[in-house]
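Chemist: Pasting a predicted model and its sequence here:
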Amino acid sequence: MDLIEPRFRSLYEKVCVGNKGEMAQNIFFEGMLLEKGLGTPWFIFPLLGAHRKALLDIMTSFIPSESVKFNKRLTNIEQRSDGVILTFSDGTVAESAILAGADGIKSTVRQHVLKDLYPSQVAPVYVGAYCYRAVIPMSEAYEILGDLTDVAKFYFGPKRSAVTYRITGGDEFNFLLCVADSEVAWKLKDAVTEKITHEAMMADFEGPGVDDRFRQLLSKAKPIKWGFFHHPHTSTYYRDRVALVGDSAHASLPFQAAGAAQGLEDALVLSSILAQLVKNPERGASQTPSIHAGLAAYDSVRRPRAQKQLEQAAEVGRMIFFQHEVAGAHMDKILPRLQQGRFNWLWFHDMNEDVQEALNRMQKQMSASLYNASARL
């Protein structure tokens, strides 16, 4: 955050919230069981969270409003030797030297980047699980869970699980009640959510393997299934002058609480490269080699790290459903995989080093291209 915008972190810290109680500030999540009685908590691993709207309000406050246009849907991308032509559903057209597509899990830009060489990688992949989710007043959550609302929780169970944590300064409570699907495929082609009946929703958490407190929570959710999708394989994050950012590049499951952070890391590295490209005197077609070098450097630095994150998030998902290929339903095998420094590579990474590495790789490729051009002459 400091590297993207010096004011970012201080504003974020005003709206974020961690666990309740001084002794719980260094706990990421506590692990418990979904079954009656919930079992004894295991400390899985610091967590600070904020309501998504509050975070977006902070981020957009740094952008001049006159630089943004809303109510646009991208329908076509045409790359030319001197730039990119964008066509929108309302018939308007825009031109740019580079297109950075941060248009989500069902990305039009992703299709453009991957469709010719890697068509099977375009669509998000359903992982055979879905959830019911809601944000409720903390007072309502406390009536059901009491002090269990103080610290973020993973609740493990066979084919069903839950994730809970505080947001909005501790005034609200966010929960996901998750189900491992018996169906391999998602029924709806063009939507990641499905409206069902309240009775069908409640039936997903019936049975002796679920503490009744979760059924009380579930009754406060809207009867909408949220399918879990991700992009397990992405062979490149760019094509010529077009780059993928955030979920369009590496949509992740939520079980490692790091998907949005990877989007911020993308933005930092890519914006640093763009800032360097702007300094170069070339424009139009003559700038193409520099742009290719910059986006190739972005891809080579960001893709391995972002893909590792989403792979690990999927693995955590298998663990909380007791479906892990090695650990199964054995907490004595699951816990070591969630402790012992598992997240150090993710949380304690020097992003400034990544920026410098990307810039160095770009410069090296640009120098090689210039040398090859001179050699041909």
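Modeler: Structure's in. What do you need? Residues are numbered from 1 along each chain as shown.

Chemist: For burial, what's the neighbour tally of residue 116?
Modeler: Residue 116: 9 surrounding residues under other C-beta atoms under 10 Å. C-beta coordinates here come from the backbone N, C-alpha and C atoms, glycine included.

Chemist: And residue 216, by the same measure?
Modeler: Residue 216 has 14 nearby residues by other C-beta under 10 Å.

Chemist: How is it assigned, secondary-structure-wise?
Modeler: helix (DSSP: H, G, I helix; E, B strand; the rest coil).

Chemist: and it, what does it touch?
Modeler: Going by C-beta atoms under 8 Å, 6 or more residues apart in numbering, residue 216 touches residue 144.

Chemist: Name the nearest residue to the residue minimising distance to the centre of the chain, sequence neighbours excluded.
Modeler: For the chain, the residue sitting closest to the mean C-alpha position, by C-alpha atoms, centre = their mean, is residue 259 at 2.3 Å. Once flanking residues are discounted, residue 259 sits nearest to residue 252: 3.7 Å by C-beta to C-beta, 6 or more residues apart in numbering.

Chemist: Check which helix or strand the one you found maps to.
Modeler: Residue 252 is part of no helix or strand, with elements assigned from DSSP states H and E.

Chemist: Return the distance of it relative to residue 105.
Modeler: 9 Å (C-beta to C-beta, to the nearest Å).

Chemist: Which of those two has more residues huddled nearby?
Modeler: When neighbours are counted by other C-beta under 10 Å, residue 252 comes out ahead of the other of residue 252 and residue 105, with 29 against 17.

Chemist: That one reaches residue 228, doesn't it?
Modeler: No - judged on C-beta atoms under 8 Å, residue 252 makes no contact with residue 228 at a distance of 9.9 Å.

Chemist: Residues that sit against both of residue 252 and residue 105, list them.
Modeler: residue 231.

Chemist: Just the buried positions in the top helix by length along the chain, please.
Modeler: Longest helix of the chain, by residue count under DSSP state H: helix 288-320. Buried positions in helix 288-320, judged by neighbour count with 16 or more other C-beta atoms under 10 Å: 288-303, 305-307, 309-320.

Chemist: Following element in sequence after that helix, please.
Modeler: Trace forward from helix 288-320 with DSSP H and E and the next one is helix 331-338.

Chemist: what is the mean pLDDT for the following helix or strand past that following helix?
Modeler: Under the assignment DSSP H and E, the closest C-terminal helix or strand after helix 331-338 is helix 344-347. For helix 344-347, the mean per-residue pLDDT is 88.

Chemist: contacts for helix 344-347?
Modeler: 46, 256, 258, 308, 309, 312.

Chemist: Switch the residues you listed over to a markdown table; also include distance to residue 234 and pLDDT.
Modeler: Listed next are the contacts of helix 344-347 as a markdown table, based on distance: C-beta to C-beta, whole Å; pLDDT from 0 to 100:
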| residue | distance to residue 234 | pLDDT |
| --- | --- | --- |
| 46 | 29 | 48 |
| 256 | 17 | 87 |
| 258 | 17 | 88 |
| 308 | 12 | 97 |
| 309 | 12 | 96 |
| 312 | 16 | 94 |
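
Chemist: how about JSON lines for the residues you listed, with distance to residue 37 added?
Modeler: Below are these laid out as JSON lines (distance: C-beta to C-beta, whole Å):
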{"residue": "46", "distance to residue 37": "28"}
{"residue": "256", "distance to residue 37": "27"}
{"residue": "258", "distance to residue 37": "31"}
{"residue": "308", "distance to residue 37": "36"}
{"residue": "309", "distance to residue 37": "33"}
{"residue": "312", "distance to residue 37": "30"}
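
Chemist: which of these lies closest to residue 173?
Modeler: Lowest distance from residue 173 to the contacts of helix 344-347 (C-beta to C-beta) belongs to residue 46, with 19.5 Å.

Chemist: By residue count, which strand of the chain is the longest?
Modeler: For the chain, the longest strand by residue count, based on DSSP state E, is strand 125-137.

Chemist: What residues of it count as buried?
Modeler: Buried-residue list, strand 125-137, by 16+ other C-beta under 10 Å: 125, 126, 127, 128, 129, 130, 131, 132, 133, 134.

Chemist: How about stretch 275-286?
Modeler: 276, 277.

Chemist: end to end, how far does it reach?
Modeler: Across stretch 275-286, the terminal residues are separated by 18 Å (C-alpha to C-alpha, to the nearest Å).

Chemist: What about residue 77, how many residues nearby?
Modeler: That count, for residue 77 with other C-beta under 10 Å as the rule, works out to 19.

Chemist: right, and the residue nearest to the centre of the chain touches residue 312 too?
Modeler: No - using C-beta under 8 Å, residue 259 is not in contact with residue 312, being 11.1 Å away.

Chemist: and residue 166, helix, strand or coil?
Modeler: Going by three-state DSSP: residue 166 is strand.

Chemist: distance between stretch 358-367 and the chain's centre?
Modeler: With C-alpha atoms, centre = their mean, to the nearest Å as the basis, stretch 358-367 stands 28 Å off its chain's centre.

Chemist: which residues are contacting that stretch?
Modeler: By C-beta under 8 Å, 6+ apart, stretch 358-367 touches 269, 272-273, 276, 289-290, 292-294, 296-298, 300-302.

Chemist: now do 7 Å
Modeler: Applying C-beta atoms under 7 Å, 6 or more residues apart in numbering, the contact partners of stretch 358-367 are 269, 272-273, 276, 289-290, 293-294, 296-298, 300-301.

Chemist: And stretch 56-70, by the same measure?
Modeler: So stretch 56-70 is contacted by 5, 8, 11, 12 (C-beta under 7 Å, 6+ apart).

Chemist: which two from the contacts of helix 344-347 end up farthest apart in space?
Modeler: 46 and 308 (20.5 Å).

Chemist: Could you look up the SS state of residue 184?
Modeler: Reduced to three states by three-state DSSP, residue 184 is coil.

Chemist: how close does the residue nearest to the centre of the chain get to residue 253?
Modeler: Applying C-beta to C-beta to residue 259 and residue 253 gives a distance of 8 Å.
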